[in-house]
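model this:
(chains A and B)
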There are 2 protein chains.
Amino acid sequence: MPEITADQHKIIDAAFRRFTKFGPENTTMAQIAKDLGYSRTFLYYYFPDKESIFKMALIRCANKYFDSLQTELKRKITGLKALENGIRTKIFCAKDFQVIGVYTNVILYRMLMEDPDLLYIFSTEQKLLIELIKKGKKDGSIGKCNPVKTAQQITEGLNGYMSFGLRRLEMTGKRNPQEIDGLFKKQLEYGLLLVSAIRK
Amino acid sequence: MPEITADQHKIIDAAFRRFTKFGPENTTMAQIAKDLGYSRTFLYYYFPDKESIFKMALIRCANKYFDSLQTELKRKITGLKALENGIRTKIFCAKDFQVIGVYTNVILYRMLMEDPDLLYIFSTEQKLLIELIKKGKKDGSIGKCNPVKTAQQITEGLNGYMSFGLRRLEMTGKRNPQEIDGLFKKQLEYGLLLVSAIRK
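Alright, predicted model coming up:
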């Protein structure tokens, strides 16, 4: 997990403001530099292209999610409650990416699935969810289940739910911040429903 | 719900054998007619194009699913058990369509979402799932929940899980009957996990 510098944080934020408003395909590196009052040379020093900004944003988002899962693991609450909190963070972290179409943009999707620097995202998420489920089984808040299989079901179930809803918005030309807000609320509810399936 | 004739059943089955083996895009009406020993004129009398065969296949599949939900509603079992059985049928019915890529083929997906003759599929599924959930609440097998919202969560959750898994197979060039078999087993397990979330 690479360290992200203050300048990189600023660039990611500026890029996402543009991505959200105009779409990644209608955003240029020159515009991002201009928004920040940076020279293009300065911007290129950090990021060679939009894809690399996007990739670092994914890493930042994933690390925030994993920090939250680590924190939940250590808290004095039941494993079930900790898992619920973790799932809330996942959905919250994913929101920015949904606005810009990550699940339905083939290039971004392929990057997420295939870039070697991003593969740790899936394995780390699985590892931490498995630990949370084990914690819950130990304290009796989670019933009989196979932690490895269940962690995978939760991840794939949520990712599927998120991408399906987003895809429908895109197909009907309605991917906008208001509609995403509506999806986001439904995703939170679905996440909690899914977790409640393994309650004792 | 239009009546499907014996000839139409035969044509749908022959078309799906070809769709499954070679893909809908590599199948012609002439080949389907030849497989059946029919003249093209005879085939066109029933179906003007591949899309109309596909549409009738969707209707046939949906009606089978709805018949099964109706039967489950009347059986002397708990609402939860009846819902589990219904979900199994849904996943079973969807299998043929996954093999030919329904969730990830834009034309087929749009047809499913927008064709006025197919809109009854979504509304009928919702109506029957709501009745099953109400049955379960009444007999105490299903806990406190909003039947309308829950029916929607179950449908969207399952559709999302199915399309996400299928999309991944397509992206990695692995959509074949063996991989679909693996997905199918996972879908059944996920369906039962999801339903168990509303158990009392």
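
Which positions in the helix or strand of chain A with the lowest mean pLDDT come out as buried?
Comparing every helix and strand of chain A by mean pLDDT, DSSP states H and E singles out helix A:106-114 as the least confident one, with a mean of 80. Across helix A:106-114, burial judged by 16 or more other CB atoms under 10 Å in any protein chain shown covers A:Leu108, A:Tyr109, A:Met111, A:Leu112. To be clear about C-beta, it is placed using only N, CA and C from the backbone, and glycine gets the same treatment.

With stretch A:28-36 instead?
In stretch A:28-36, counting by 16+ other CB under 10 Å, buried: A:Met29, A:Ile32, A:Ala33, A:Asp35, A:Leu36.

what about the fourth one, which helix or strand?
I take that to be A:Asp35. helix A:29-36 (DSSP states H and E).

What mean pLDDT does that helix get?
Helix A:29-36 carries an average pLDDT of 96.

So which elements touch the next helix or strand after that helix?
Going down the chain from helix A:29-36, the next helix or strand is helix A:40-46, by DSSP H and E. Secondary-structure packing of helix A:40-46 (3 or more CB pairs under 8 Å, 6 or more residues apart in numbering or on different chains; DSSP states H and E): helix A:6-22, helix A:29-36.

if I look at the residue lying closest to A:Leu43 once chain neighbours are set aside, how far off is B:Leu128?
Excluding the flanking residues, the one nearest A:Leu43 by CB to CB, 6 or more residues apart in numbering or on different chains is A:Ala33, at 4.3 Å. Separation of A:Ala33 from B:Leu128 (CB to CB, to the nearest Å): 56 Å.

List the residues that contact A:Gly101.
For A:Gly101, the contact set (CB atoms under 8 Å, 6 or more residues apart in numbering or on different chains) comprises A:Gly23, A:Pro24, A:Leu108, A:Leu166, A:Glu170, A:Arg175.

measure it to chain B for me?
Separation of A:Gly101 from chain B (CB to the nearest CB, to the nearest Å): 14 Å.

do the same with A:Ile91
13 Å.

and the closest residue to that residue other than its chain neighbours, how many residues sit next to it?
Of all residues not flanking A:Ile91 in the chain, A:Gln187 sits nearest, at 4.8 Å (CB to CB, 6+ apart). Neighbour count for A:Gln187, taken as other CB atoms under 10 Å in any protein chain shown: 24.

A:Gln187: which element?
helix A:177-196.

Give the buried residues for that helix.
Per 16+ other CB under 10 Å, helix A:177-196 contains these buried residues: A:Glu179, A:Ile180, A:Leu183, A:Phe184, A:Lys186, A:Gln187, A:Tyr190, A:Gly191, A:Leu193, A:Leu194, A:Val195, A:Ser196.

Quick check, pLDDT for the residue nearest the centre of chain A.
With distances taken as CA atoms, centre = their mean, A:Ala94 lies nearest the centre of chain A, 3.4 Å away. You'll see A:Ala94 listed with a pLDDT of 89.

how much does the helix or strand encompassing it deviate in direction from helix A:177-196?
A:Ala94 is part of helix A:79-99, with elements assigned from DSSP H and E. Helix A:79-99 runs at 160 degrees relative to helix A:177-196, counting by axes from the mean of the first three to the mean of the last three CA atoms, to 10 degrees.

quick one: helix A:79-99 to helix A:6-22, angle?
Using the same axes, to 10 degrees: helix A:79-99 against helix A:6-22 is 70 degrees.

before we move on, back to that, anything in the least confident helix or strand of chain A near chain B?
Yes: using CB under 8 Å from any CB of the partner chain, helix A:106-114 comes into contact with chain B via A:Tyr109, A:Arg110, A:Met113.

So what touches that helix?
By CB under 8 Å, 6+ apart, helix A:106-114 touches A:24, A:51, A:54-55, A:58, A:101-103, A:118, A:121, B:168, B:171-172.
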